[in-house]
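Asks: structure of the sequence below:
(chains A and B)
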Amino acid sequence: MRAFDLLYARYESRLFGFLLGMLKNRADAEDVFHEAFLRTLKNDAEFDREGAFRTWLYRIARNAALNHQRSGRRGARAVAQLPESDPVPRADDELGQRELLHALEGAVERLPDALSEVFHLRSSGLSYEEIADVLEIPLGTLKSRMNQMVVTLREDLKPWTAR
Amino acid sequence: MDCAVIQIELAPYHLGVCDDETRARIDAHLLECTDCLRAYLAIKRHIERGDRARPSDAAKAKLRAAVASEFRPTIAARAARALRRPVPLYQSFAAAAVIVLVVSALAPILARPNAPAPVTASGERVDTARPTPENLSFY
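Replies: Numbers count the residues shown, from 1 in each chain, chains lettered A, B, ... in the order given. The predicted structure is shown next:
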């Protein structure tokens, strides 16, 4: 159990953050996190020792999240939102930052699934090679998706620049 | 570069997925513009907030219990593990010393002196190695 505690401490926040980003619901993310961690430990015989444990864990978690979405087991959608701004903004720059963050959140929310998971895996701190390994796609394909993600975010946020 | 144009690039910039030219422009701009620098720090905190998300304590306890249950070793597995455990050298010496002591203590008992040869009624010693008509009664 000591080994479990060490593994858990190492991966809990980033992996859970990734699942929360994909599933948008805390209860669903906890369920999938539980399932993914348990499945990873049960199937250690299948672990390719030459590969990184982190990418293997993320791959299992991602597949579990996709299965969860496909099965339609969704709790009440509780999209993380910034707290409502004060009636009287404290400063123009803070209001501007809140608006930017709201716009960014919305843009990320609207990303297609293939680009959204790229965004969230990158936010979890994985390298390009690790993300390609998790998604089981060639590195070139990943770079292409990453560019698409950047372009999509840019286009979605352009109206914000016209304010 | 216009601040608004810079700020919509800050999330990809933080994730390190900008092209080189854009990254260089943003690097240079952030050195000069405190508004955009503050916006960058806000976006950085926002994205990293996801990294600080954690499952609830109840969820962690549930997972821990499930792992403990799933991987609890059976009695047979525990016994096998105990048998496979390498014996330290000092334990081997101690066991050998005990065996030597026990054997030494039992040696006098095990190595009994020969019992005296039976004697006939007339006092003659019987050669028990060779039965004869005279000493047959002793067999």
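
Asks: need the contact list for A:Gly106.
Replies: Contacts for A:Gly106 (C-beta atoms under 8 Å, 6 or more residues apart in numbering or on different chains) come out as A:Asp156. Just so you know, the C-beta spots here come from the backbone N, C-alpha and C atoms, and that holds for glycine as well.

Asks: equivalent analysis for A:Leu15, please.
Replies: Applying C-beta under 8 Å, 6+ apart, the residues near A:Leu15 are A:Phe33, A:Ala36, A:Leu57, A:Tyr58, A:Ala61, A:Ser124.

Asks: just the buried subset of these, please.
Replies: Buried members of the contacts of A:Leu15, counted by 16 or more other C-beta atoms under 10 Å in any protein chain shown: A:Phe33, A:Ala36, A:Leu57, A:Tyr58, A:Ala61, A:Ser124.

Asks: please flag which of those sit within helices.
Replies: Taking DSSP state H, the ones among those that sit in helices are A:Phe33, A:Ala36, A:Leu57, A:Tyr58, A:Ala61.

Asks: and the first one, how far is that from chain B?
Replies: A:Phe33 sits 6 Å away from chain B when distances are taken as C-beta to the nearest C-beta, to the nearest Å.

Asks: cool, and the fourth one?
Replies: Applying C-beta to the nearest C-beta, one obtains 14 Å for the distance of A:Tyr58 from chain B.

Asks: where does pLDDT dip in the chain?
Replies: With no chain named, the answer covers chain A. A:44-51, A:72-93, A:162-163 (pLDDT under 70).

Asks: that's the other chain; I wanted chain B
Replies: In chain B (pLDDT under 70), the answer is B:1, B:50-52, B:112-118, B:126-139.

Asks: which bits of it sit near chain A?
Replies: Residues of chain B lying close to chain A (C-beta under 8 Å from any C-beta of the partner chain) are B:2, B:4-5, B:7-9, B:11-12, B:15-18, B:35, B:38-39, B:42-43, B:46-47, B:50-56, B:59-60, B:62-64, B:66-68, B:70-71.

Asks: burial check on the closest residue in space to A:Arg59 that isn't next to it in sequence, number of neighbours?
Replies: Nearest residue to A:Arg59, sequence neighbours excluded (C-beta to C-beta, 6 or more residues apart in numbering or on different chains): A:Val134, at 4.7 Å. Neighbours of A:Val134 under the rule other C-beta atoms under 10 Å in any protein chain shown: 26.

Asks: longest helix in chain B, by residue count?
Replies: From DSSP H, the single longest helix across chain B is helix B:89-110.

Asks: show me what that one is packed against.
Replies: Contacting helix B:89-110 under the criterion 3 or more C-beta pairs under 8 Å, 6 or more residues apart in numbering or on different chains; DSSP states H and E is no other helix or strand.
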